[in-house]
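**Q** One predicted model, sequence on top.
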Amino acid sequence: MADASEVRANVYGRLLSATFILLCVLAAGTAGYHEVGEGRWSVFDCLYMTVITLSTVGFGETLPGMNDMVEARLITMALIVVGSGTLLYFISGLTALLVEGDLQGMLRTRRMQKRIEGMEGHIVVCGAGTTGEHVLRELVDVKVPFVVIERSRGRIDVLEEDLASPIPFVEGDATDDHTLVAAGVERAKGVIAALSDDKDNLFVTISARHLNKGARIVAKAVESSTVPKLRRAGADAVVSTNQIGGLRLVSEMVRPTAVEFLDRMLRQGHKLRIEDTVISADSRVVGLTLAEANLRKSGALVIAIRQPDGEYHYNPEGREKLVAGASLVVMAHPEDMVRLRALLEPRRA
């Protein structure tokens, strides 16, 4: 089945060809009348006669003396036979543009493109399939700006209805550099390669890394042999769906209560998340202890601190010093994260 882009291309092609043929018929009719009239009728009068003949409005022979000229009537007969069909073809093409081409949808796509052009620091999600659907659901929940690249416009429509949220998207092939650029990959904070084929995710990783050296790239891998290739291609992290699935199966068997807790935290309206945020060099909390910073008033619970050297301090005590470049791992609602980041902002001059 042809996708939306192919449908629009066909509609545009039909409309352009119909317009070209109609213009040719109008030009031929006008020139014919002017020629047989030997200049006694103006070009505009000849064009007018051609138009009313094609439209079959029945105004009669409006050119003076035309009723005495067999040649002019022959042109009129030819226009009625050939031109009426041409006009109907043009009207059908225009109707197809409004119906099959989804004019409202095309206007919406233009607005979407302008919106994407103004985005910066967003996440580019490549693929809205079975894996990408869960990615989008989570990004919507945590209110992180994103742009989706997906081949099927219909798939996006289904997800928008399911998520009850508009989805910024680019319709196209995520392995194409032009499509990635259209999604704003050069201005993006990160890229998630969630396509169904490992080779496609590999191409996305290579292209995205080339277009944006500083973006964090997370790639999906189905086959374990693809993991090192994705890392060599520039992925900062690789998620093996088979490995994650296996670990989940074991966890359901040996630690069911912990798994149930995490599921309820994520799914049953609590919207709690395990989040992280980095302490910048000019943050107002640098040099303070965890107790002095009083980050708990944001609603976020600090469960670990990752030091700049990569060492983790789990369940940190109140006397733990906060240093620049450290990352706070917290349990928080999306609203709590907004307040926490406000507390970590630079000191005012």
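**A** Happy to help now that I have it.

**Q** now the strands: where do they sit in the stretch 151-300 of the chain?
**A** Ranges of strands within the stretch 151-300 of the chain are 169-171, 190-193, 216-221, 237-240, 273-278, based on DSSP state E, counting those that start in this stretch.

**Q** Which other helices and strands does the third one contact?
**A** Going back to what we said before, that points to strand 216-221. Helices and strands touching strand 216-221, as assessed by 3 or more C-beta pairs under 8 Å, 6 or more residues apart in numbering; DSSP states H and E, comprise strand 190-193, helix 198-211, helix 227-233, strand 237-240. Where C-beta positions appear, they are placed from N, C-alpha and C, glycine not excepted.

**Q** Turn the ones you listed into JSON lines, including distance to Asp309, mean pLDDT and mean neighbour count.
**A** Converted to JSON lines, the helices and strands packed on strand 216-221 look like this (distance: least, C-beta to C-beta, whole Å; pLDDT from 0 to 100; neighbours: other C-beta atoms under 10 Å):
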{"stretch": "strand 190-193", "distance to Asp309": "23", "mean pLDDT": "96", "mean neighbour count": "28"}
{"stretch": "helix 198-211", "distance to Asp309": "25", "mean pLDDT": "96", "mean neighbour count": "21"}
{"stretch": "helix 227-233", "distance to Asp309": "22", "mean pLDDT": "94", "mean neighbour count": "17"}
{"stretch": "strand 237-240", "distance to Asp309": "19", "mean pLDDT": "94", "mean neighbour count": "17"}
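
**Q** mind checking which of those is nearest Leu54?
**A** Nearest to Leu54, of all the helices and strands packed on strand 216-221, is helix 198-211, at 51.1 Å by C-beta to C-beta.

**Q** Point out the other helices and strands that the closest one packs with.
**A** For helix 198-211, the elements it packs on are strand 123-126, helix 177-182, strand 190-193, strand 216-221, helix 227-233, judged by 3+ C-beta pairs under 8 Å, 6+ apart.

**Q** what angle do that helix and strand 216-221 make?
**A** Angle, helix 198-211 to strand 216-221, by axes from the mean of the first three to the mean of the last three C-alpha atoms, to 10 degrees: 170 degrees.

**Q** CA atoms only: put helix 198-211 into PDB for me.
**A** Taking C-alpha atoms only, helix 198-211 is exported to PDB below (Å, rounded to 0.1, in the frame of the first residue of the first chain):
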ATOM      1  CA  ASP A 198      20.200  -3.700  13.400                       C
ATOM      2  CA  LYS A 199      21.800  -2.600  10.100                       C
ATOM      3  CA  ASP A 200      19.400   0.400  10.000                       C
ATOM      4  CA  ASN A 201      20.300   1.400  13.600                       C
ATOM      5  CA  LEU A 202      24.000   1.100  12.600                       C
ATOM      6  CA  PHE A 203      23.500   3.500   9.700                       C
ATOM      7  CA  VAL A 204      21.500   5.900  11.900                       C
ATOM      8  CA  THR A 205      24.300   5.800  14.500                       C
ATOM      9  CA  ILE A 206      27.000   6.600  12.000                       C
ATOM     10  CA  SER A 207      25.100   9.400  10.300                       C
ATOM     11  CA  ALA A 208      24.000  11.000  13.600                       C
ATOM     12  CA  ARG A 209      27.500  10.900  15.000                       C
ATOM     13  CA  HIS A 210      28.800  12.500  11.800                       C
ATOM     14  CA  LEU A 211      26.100  15.300  11.900                       C
END
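
**Q** quick one: contacts of it?
**A** Helix 198-211 is contacted from outside by 124, 126, 174-175, 177, 180-181, 185-186, 191, 193-195, 215, 217, 219-223, 226, 229-230, 233-235, using C-beta atoms under 8 Å, 6 or more residues apart in numbering.

**Q** ditto for stretch 229-240
**A** 193, 198, 201-202, 205-206, 208-209, 216-222, 224, 226-227.

**Q** how about 10 Å then?
**A** Stretch 229-240 has contacts (C-beta atoms under 10 Å, 6 or more residues apart in numbering) with 131, 190-194, 198-199, 201-210, 212-213, 215-224, 226-228, 246-247.

**Q** Also stretch 301-321?
**A** Stretch 301-321 is contacted by residues 272, 274, 276, 278-279, 286-296, 322-332, 336, 340 when judged by C-beta under 10 Å, 6+ apart.

**Q** Drop anything exposed from those residues.
**A** Buried by 16 or more other C-beta atoms under 10 Å: 272, 279, 286, 288, 290, 293, 295, 322-323, 326-330, 332, 336, 340, out of those.

**Q** how about low-confidence regions in the stretch 101-250 of the chain?
**A** Along the stretch 101-250 of the chain, the model assigns pLDDT under 70 to residues 101-107.

**Q** quick one, phi/psi of the nearest residue to Ile123 once chain neighbours are set aside?
**A** Residue nearest to Ile123 in three dimensions, not counting chain neighbours: Phe146, with 4.3 Å by C-beta to C-beta, 6 or more residues apart in numbering. Phe146 adopts backbone torsions of phi -150, psi 160, taken as degrees, to the nearest 10.

**Q** tally of neighbours for Phe146?
**A** Per other C-beta atoms under 10 Å, the neighbour tally for Phe146 reads 22.

**Q** Would you check how far apart it and Cys126 are?
**A** 11 Å (C-beta to C-beta, to the nearest Å).

**Q** anything in contact with each of these two?
**A** 135, 183, 192.

**Q** Which helix in this structure has the most residues?
**A** If you go by DSSP state H, the chain has its longest helix at helix 4-36.

**Q** ok, and the closest non-adjacent residue to Ala233?
**A** Closest residue in space to Ala233, ignoring its immediate chain neighbours: Thr205 at 4.4 Å, by C-beta to C-beta, 6+ apart.
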